[in-house]
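In: the following block contains a protein sequence and its predicted model.
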Amino acid sequence: MGYCQVIVDIAHERVDRVFTYRVPQSMALLPGMRVLVPFGPRKIEGYVVCLAEAAEYPEARIKDVLRPLEDYPALLPPLMALAQYIRDQAHCPLVEALRLLIPAQMRGERVREKTEIHYVLAFAPAALDEKLASNSRAPKRQRVLRALAQGPMTQAELAAQVPGPVDALRALVDAGLVDRQAHEVLRKPYDHAQTRTAPDPHLTPEQRGALQEVLPALAQGTGRFLLHGVTGSGKTEVYIRAVRQCLAMGKTAIVLVPEIALTPQMVDWFRGRFGQVAAVLHSRLTPGQRFDEWRRLRRGEARVVIGARSAVFAPVSDLGLVIVDEEHEPSYLSDRMPRYDARDVAEARGRVEGATVILASATPAMDTFDRAMRGELTLLEMPHRVLGRPMPAVHLVDMREELRQGNKSVFSGLLMEELTLCTRQGQQAMLFINRRGYNTFVKCRACGYVVRCAQCDISMTYHQDGHVMRCHYCGAHRDPPEICPACGSLHIRYFGAGTQMVEEAMRRFLPQVPVLRMDNDTTRTRDAHWDILQRFRQGDAQVLIGTQMIAKGLDFPNVTLVGVVAADATLNLPDYRAAERTFQLVTQVAGRAGRAEKPGTVVVQTYAPDHYCIQAAARQDYRAFFEEEMGFRRRQAYPPYAMLCRLLVEGEDGQRVAHIAQKLDACLDAFFQKRPALLRQVLLRQVEEAPVKVLRGKARHQVFLKLSRDADTALLDELCALALMDWPGAQVYAEINPLSIA
Ligand code: ADP
Ligand code: ZN
Ligand code: ZN
């Protein structure tokens, strides 16, 4: 008699432990399998953690496993270990971490294997003549038999040879001459992408240098690298060679890319080089496609996976390599529960499975580069573009000066000249603006009233299509006011430029030049990103206007001009990372120009031409920026020199929310009385309204903490424990170095 220990698929503190079930004699179970088990009056899904010979409960109290949900373990053993790491980091029930490891729709059996019916002859080929003779009065049946003699076929394939085969086929099946066989088929994404089978280029000396360090580490199953390569230095080719070596060793590889918009291009390259062993995993796949790619990986049919953040959980065995492309991108942080940083998970997984990890970027995150400086990561540098191609020439334009000279357009004189030149020569340009919509806010000149969302403490953005104002936080919309709702003045004015305004300015300035726009408003459907990029690549448009989406690692050989319409739009955000984000954005966008034979020009428009981040970005000088910025972080005690944490309280009733924030603060007092030594790790602690006071109609308060960078985990555990307590009338979230402190 065997038993097994099961984690049930209910996310609640009270059931966050294993339960023992009996395994019926006829059932073969393995650790990691998903099973259906009785739980109280219900039947629920669970995960088998381990098998056991004996049970520590009285036999009568133990129930039987009802059935396995698949005939293979959905969870690989190393991934079970990873789930425990995530639970410890995110302070969530284990089952929530386990749920990250399988396609969501597998739970509740909302997605299944897709099968196709094949028709086959039910007799030996030698008997064909005899069977044909016995159907001599049914010519259609004879034709069906002859067709199937070539091999099994679906009904559709058969119909291509024998039109209208349905009745004949049914008669043959009934007569026992033809069998129906169910075949599993896989739904593959991106079948519409043409895969170019490009020959291998000759490696540059810098690419060779990087690989000379990576490949030996790969062979040993060790190594944590930061590949710092300027835009256009050929990092992708390094990935490809490392992955190839990894596959040749019989191991598997995971390549993470920041966003869906980027994936098609990467997928193209990888499919071109790796063919069918490459799989794609990301959230925009249909559930069926996602499930099937997941199973191809699980069965070892695909051995390299490219995908967004969650692909770090891909079910591959014998992992040899994880690459995180554009590692500085915020999209690697999951802000949904359970929170995780895909870069940390990649490193944890590398440790568990003995895999090499490469983080790569032209503009590494401050903390990543700092870790490389301190020797936690091996730094690999590729400071030059491939084939001696020059970095693009960057021109800074002071927009205050433009205004003084009477130019009120969103385009400076220089940008207009360059746009004219570029488009006249038949080349392409990209214009980058950090805000979508038409105007970024609407304000009363008389009293200063700004139109805000009724649900959120956020100014609303004017969108010209539909003539409406939208909240970019909750999606609420309203008509723009004709008169000021506060003072009745008619002097209501529109300020700030968004993508729609730039598009319109472009159409007015050069009406004959075709333009495409890419932002959250134009990419709502599944394939919209891919379509827009594909149309731009084909030359359907000469100018692509977009938000940060176009700043990512896109490679368009015909783009020779990049315009950054308002470089400091991000610089004025109330966020300590504003300079870092601005530097990254400007450097990355500038890096889109002149990537092929033709040299590139970049025009950066700014109101703060002297700021060190703009200056360093114009020179594409990462080191200079890093030094300045680290000085600022050290002086102000910001990450990576400190940790920012908060307990965020949200609820309908503002007074109650404020009261709970005070109570949380008092709990912290009590905690520090017990552990006074930890008080020294607190650099700052305050109870206050959150920067965004109201969001989606909920009042928000916070206990904000700045901790020294080596803060004790006991302190972090306490914050998480406080958040998990019952706080009637409110939700409390513990956030440690969150993506945004809004
Ligand atoms: P990065 O990701 O570092 O910005 P990419 O990997 O996109 O740069 O490479 C930039 C361009 O250089 C691409 O068009 C790529 O095909 C090309 N390239 C890369 N390596 C080589 C090489 N060794 N020889 C010639 N072209 C190369
Ligand atoms: Zn007013
Ligand atoms: Zn809102």
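Out: Looks like it arrived, so ask away. Ligands and ions are numbered 1, 2, ... in the order given.
In: list the buried ones in stretch 509-525?
Out: By neighbour count on 16 or more other CB atoms under 10 Å, the buried set for stretch 509-525 is 510, 513, 515-519, 521-523. Where you see a C-beta, it was placed from the backbone N, CA and C, and this is true even at glycine.
In: from those residues, pick the one nearest ligand 3.
Out: residue 521 (16.1 Å; CB to the ion).
In: hmm, residue 463 and the closest one touching each other?
Out: Yes. With contact defined as CB atoms under 8 Å, residue 521 and residue 463 form a contacting pair (7.3 Å).
In: which residues do those two both contact?
Out: Contact criterion CB atoms under 8 Å, 6 or more residues apart in numbering; residues shared by residue 521 and residue 463: 437, 500.
In: for the chain, which spans come out with low pLDDT?
Out: Residues of the chain meeting the criterion pLDDT under 70: 1, 110-111, 184, 186-198, 260-265, 283, 552-553, 573-574.
In: give the next helix or strand downstream of the lengthiest strand in it.
Out: Ranked by number of residues, the top strand in the chain under DSSP state E is strand 682-695. Sequence-wise, the next helix or strand downstream of strand 682-695 (DSSP states H and E) is strand 698-708.
In: in terms of helices and strands, where is residue 296?
Out: Assessed by DSSP H and E, residue 296 sits inside helix 287-298.
In: CA atoms of that helix as PDB?
Out: What follows is helix 287-298, C-alpha atoms only, in PDB (Å, rounded to 0.1, in the frame of the first residue of the first chain):
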ATOM      1  CA  PRO A 287      -4.200  29.200 -24.000                       C
ATOM      2  CA  GLY A 288      -4.100  26.300 -26.400                       C
ATOM      3  CA  GLN A 289      -0.800  27.500 -28.100                       C
ATOM      4  CA  ARG A 290       0.700  28.200 -24.700                       C
ATOM      5  CA  PHE A 291      -0.200  24.800 -23.400                       C
ATOM      6  CA  ASP A 292       1.200  23.000 -26.500                       C
ATOM      7  CA  GLU A 293       4.500  24.900 -26.400                       C
ATOM      8  CA  TRP A 294       4.700  24.100 -22.800                       C
ATOM      9  CA  ARG A 295       4.200  20.400 -23.500                       C
ATOM     10  CA  ARG A 296       6.800  20.400 -26.300                       C
ATOM     11  CA  LEU A 297       9.300  21.700 -23.800                       C
ATOM     12  CA  ARG A 298       8.100  19.300 -21.100                       C
END
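In: report the buried residues of it.
Out: Along helix 287-298, these residues count as buried under the neighbour rule (16+ other CB under 10 Å): 288-298.
In: closest to residue 474 among those?
Out: Residue 474 has its nearest neighbour among those in residue 290, at 27.6 Å by CB to CB.
In: from residue 689, how far out is the closest one?
Out: Separation of residue 290 from residue 689 (CB to CB, to the nearest Å): 41 Å.
In: within range of ligand 1, give me the residues from this protein.
Out: Counting by CB under 6 Å from any ligand atom, the residues of the chain close to ligand 1 are 201-204, 207, 229, 231-237, 386-387, 553, 555, 595.
In: try it again at 8 Å.
Out: Contact residues, the chain versus ligand 1 (CB under 8 Å from any ligand atom): 198, 201-204, 207, 229-239, 325, 360, 362, 382, 385-387, 389, 553, 555, 557, 591, 595-596.
In: just these: which are in strands?
Out: Mapping these onto strands (DSSP E) picks out 229, 360, 382.
In: for residue 322, see how far away the first one is.
Out: Right, residue 229. Distance, residue 229 to residue 322, by CB to CB: 18 Å.
In: can you check the second one too?
Out: To residue 322, residue 360 is 11 Å away according to CB to CB.
In: do the same with residue 125
Out: 50 Å.
In: between those two, point out the one with more neighbours.
Out: Neighbour totals were compared for residue 125 and residue 322, and residue 322 leads with 27 against 8 (other CB atoms under 10 Å).
In: ok, the more buried one - contacts?
Out: Contact partners of residue 322, counting by CB under 8 Å, 6+ apart, are 253-256, 312, 346, 349-350, 355-358.
In: tell me the secondary structure for it?
Out: At residue 322 the chain is in strand, as set by DSSP: H, G, I helix; E, B strand; the rest coil.
In: beta partners of it?
Out: Listed beta-bridge partners, residue 322: residue 254, residue 357 (assigned using DSSP bridges).
In: burial count for the nearest residue to residue 560 once chain neighbours are set aside?
Out: Nearest non-adjacent residue to residue 560, counting by CB to CB, 6 or more residues apart in numbering: residue 427, 4.5 Å away. Applying other CB under 10 Å, we find 16 residues neighbouring residue 427.
In: could you do residue 439 as well?
Out: 22.
In: for it, what are its contacts?
Out: Residue 439 sits next to 461-462, 494-498, 501 when contact means CB under 8 Å, 6+ apart.
In: got a winner among the residues you listed for most neighbours?
Out: Using other CB under 10 Å as the neighbour test, these are led by residue 498, with 27 neighbours.
In: how close does that one sit to ligand 2?
Out: Distance check for residue 498 against ligand 2: by CB to the ion, to the nearest Å, it reads 23 Å.
In: just residue 658 next, same as before
Out: Note on residue 658: its distance to ligand 2, by CB to the ion, is 29 Å.
In: that residue - how many residues pack around it?
Out: Using other CB under 10 Å, residue 658 has 18 neighbouring residues.
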